[in-house]
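**Q** no sequence for this one, just the structure:
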């Protein structure tokens with residue numbers, strides 16, 4: 001569910017395509033295995049932009065600067081906590097990163113503003129193209145799950161806000177096993193939940209590094225590249241790339 005620094009800057013400054021778009025050309029060859037299930041990162045489903053908009057509203061003229069520093073530290077804190085053996089969940093790492101970012105930027109983070117910014121993660125809703133895409137996939141008998149670094153509380157809130165109760169067969173937070181993607185143990189969670197072969201589960205990523213991580217693990221992988229970012233140079237590339245979930249549906253149908 002994570003973004004790197006460049007991807008985040010693009011999200012804050014450039015925005016993303018949110019309307020339903022005609023299918024675009026899909027990059028790379030499709031997988032030869034029939035897709036029986038899909039595991040989504042959270043952010044192909046939930047639109048994170050309101051978090052960054054709120055930062056600008058609370059700190060006019062400095063919201064982008066704060067948001068960039070916050071997200072960068074957020075990722076660092078998550079991975080460093082995990083690598084050091086002192087795990088902290090997504091919520092704790094995010095709050096610690098917010099406090100540190102405000103300190104280093106000399107921004108006055110009052111308790112009320114901290115509460116508002118953290119609370120914005122519990123107010124996320126789906127991108128406009130998501131609902132019809134999920135319905136199409138379910139109509140075709142594809143099993144659906146979320147596999148995210150975010151806490152269950154954040155994921156459940158997004159599902160409720162988007163009226164997606166009952167849509168996902170599994171809602172998997174890596175918090176359950178005290179690690180973060182791209183740890184292979186995190187990707188293994190979907191195999192264990194679905195009880196399927198990894199080649200039968202399509203992983204859908206929002207960040208380029210997550211697409212590379214899932215592909216390296218062995219999943220057929222689709223990257224929802226809403227920011228039109230270049231591929232990561234991490235030794236593996238997704239099976240296909242699209243702008244939104246409408247492109248994803250086209251890929252799944254072509255792979256069946």
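**A** Sure, I can see it. Everything quoted here is computed from the prediction, not taken from an experiment.
**Q** quick one, longest helix in this protein?
**A** helix 63-84 (DSSP state H).
**Q** other SSEs contacting it?
**A** Applying 3 or more Cβ pairs under 8 Å, 6 or more residues apart in numbering; DSSP states H and E, one finds that helix 63-84 makes contact with helix 5-14, helix 49-58, helix 90-105. (Glycine included, C-beta is placed from N, CA and C.)
**Q** so the last one versus helix 49-58, what angle?
**A** Looking back up the chat, that one is helix 90-105. Angle, helix 90-105 to helix 49-58, by axes from the mean of the first three to the mean of the last three Cα atoms, to 10 degrees: 30 degrees.
**Q** list the buried residues in the longest helix of the chain.
**A** Buried residues in helix 63-84, counting neighbours by 16 or more other Cβ atoms under 10 Å, are found at 63-75, 77-79, 81-82.
**Q** ok so, going back, quick one: closest of the helices and strands packed on helix 63-84 to residue 234.
**A** Of all these, helix 5-14 sits nearest to residue 234, with 13.7 Å by Cβ to Cβ.
**Q** with mean neighbour count as extra columns, can I get the helices and strands packed on helix 63-84 in JSON lines?
**A** Converted to JSON lines, the helices and strands packed on helix 63-84 look like this (neighbours: other Cβ atoms under 10 Å):
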{"stretch": "helix 5-14", "mean neighbour count": "16"}
{"stretch": "helix 49-58", "mean neighbour count": "18"}
{"stretch": "helix 90-105", "mean neighbour count": "18"}
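**Q** and those helices as TSV, adding mean pLDDT and distance to residue 35?
**A** Formatted as TSV, the helices and strands packed on helix 63-84 follow (pLDDT from 0 to 100; distance: least, Cβ to Cβ, whole Å):
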stretch	mean pLDDT	distance to residue 35
helix 5-14	40	26
helix 49-58	96	29
helix 90-105	96	28
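**Q** for residue 194, which of those helices is the nearest?
**A** helix 90-105 (22.8 Å).
**Q** isn't residue 130 right next to residue 45, touching?
**A** Yes - here residue 130 reaches residue 45: they are 5.6 Å apart, a contact under Cβ atoms under 8 Å.
**Q** identify the contacts common to the two.
**A** Residues touching both residue 130 and residue 45 by Cβ atoms under 8 Å, 6 or more residues apart in numbering: residue 162.
**Q** name the residue in the two with the higher neighbour count.
**A** The neighbour comparison of residue 130 against residue 45 (other Cβ atoms under 10 Å) goes to residue 45, with 30 against 23.
**Q** do you know how far the more buried one is from residue 109?
**A** Between residue 45 and residue 109 the distance is 29 Å, computed by Cβ to Cβ, to the nearest Å.
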